[in-house]
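**Student:** Generate a structure from the sequence data that follows.
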Amino acid sequence: MLNLLYETDLLVLYALILVLIAGAAELGSWLGRRSQPAVQESGIGALTGAALGLLALLLAFSFSLALSRYDTRRTMVLEEANAIGSTANFALMLPEPAQPAILSLLRDYTAVRIGLGTPYDPAKLQRDIARSVELQARLWQQATALTAAAPQSLPIYRFVGSLNEMNNVHERRLTALRYHVPGEVMFTLVGVAMVAMGFAGYQVGSRAASRVAALLMSLMVAVVTMMVVDLDRPARGFIQVPVQPLIDAAQGIPGYHPATAME
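**Tutor:** Residues are numbered from 1 along each chain as shown. Alright, predicted model coming up:
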């Protein structure tokens, strides 16, 4: 059930969170306007400050987690581009008869990695993974044949080492794509935001102040909360991981055609 947080459309989720947080502020304001003077003079200000402080702490913690995962995914794209580029360079040092097949496989592999999991579709992600593994197996078949024919060849040894690193980056990138901020943290964040804005609204209502400030604060809290969610959605939403390094790597492979990277 917690995965619904990351499977729901971003605009729908944003509207829902905004309604929940703004609704809590409005409810607090309504209760504050109807409270007794003795209650109005109680320590509601201290409670509001404590709730807002806890909300700020949770927002900072959640944003830090989401941003670190975003940076990891971006780093994995760069590492994969470097690994593919190195493998293609070492492939150019192999015997000429083996080069066309290997370079063709590398072009296909790079095209798959450029579109890995995008647009968002779990079934497409699984197809991309299966296709990646298939192309890796075919590349290893080529490497095995070359090694058997010339086991002491330094270019082949370097090609095999680079191919192994490319395979390792494949799994690291998948791991970075699959893991995000736990749903429990996000639900806790939304719950604390509702309580904090409820206290803030109560204080505004008890003093007969304008509700506009509380509603604007609710909007800002909802925007920051949704930024955390958006950062943690690598294949959908407004903030996506750039794949330009992989496109650059594809362009560096001999025989590259722009249409190849769009398939």
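**Student:** Show me the shaky parts of the protein.
**Tutor:** Applying pLDDT under 70 to the predicted model, the residue ranges of the chain that meet it are 1-5, 36-43, 208-210, 257-263.
**Student:** can you rerun that using 50?
**Tutor:** The chain contains residues with pLDDT under 50 at 1, 260-263.
**Student:** Have a look at it and report its longest helix.
**Tutor:** Longest helix of the chain, by residue count under DSSP state H: helix 44-91.
**Student:** residue contacts, the residue nearest the centre of the chain?
**Tutor:** Most central residue of the chain, judged by C-alpha distance to the mean C-alpha position with C-alpha atoms, centre = their mean, is residue 234 at 3.0 Å. For residue 234, the set of contacting residues under the criterion of C-beta atoms under 8 Å, 6 or more residues apart in numbering consists of 70, 73, 117, 176, 177, 240, 241. Heads up, the C-betas are built off the backbone N, CA and C, glycines and all.
**Student:** list the contacts for the fourth one?
**Tutor:** Looking back up the chat, that one is residue 176. Residue 176 makes contact with 69, 72, 73, 76, 234, according to C-beta under 8 Å, 6+ apart.
**Student:** Who wins on neighbours among these?
**Tutor:** For the contacts of residue 176, the largest number of neighbours (other C-beta atoms under 10 Å) sits with residue 234, at 25 neighbours.
**Student:** Helices along this protein, start to end?
**Tutor:** In the chain, helices defined by DSSP H lie at 4-7, 10-33, 37-40, 44-91, 99-114, 122-149, 154-178, 183-206, 212-231, 244-251, 258-262, listed in chain order.
**Student:** Distance from the chain centre to stretch 107-117, please.
**Tutor:** Mean C-alpha position of stretch 107-117 versus that of the full chain (C-alpha atoms, centre = their mean, to the nearest Å) differs by 18 Å.
**Student:** Does residue 17 touch residue 228 like I think?
**Tutor:** No. The pair residue 17 and residue 228 fails to qualify as a contact (C-beta atoms under 8 Å) at a distance of 10.6 Å.
**Student:** how many neighbours does residue 238 have?
**Tutor:** Residue crowding around residue 238 was assessed by other C-beta under 10 Å; the count is 11.
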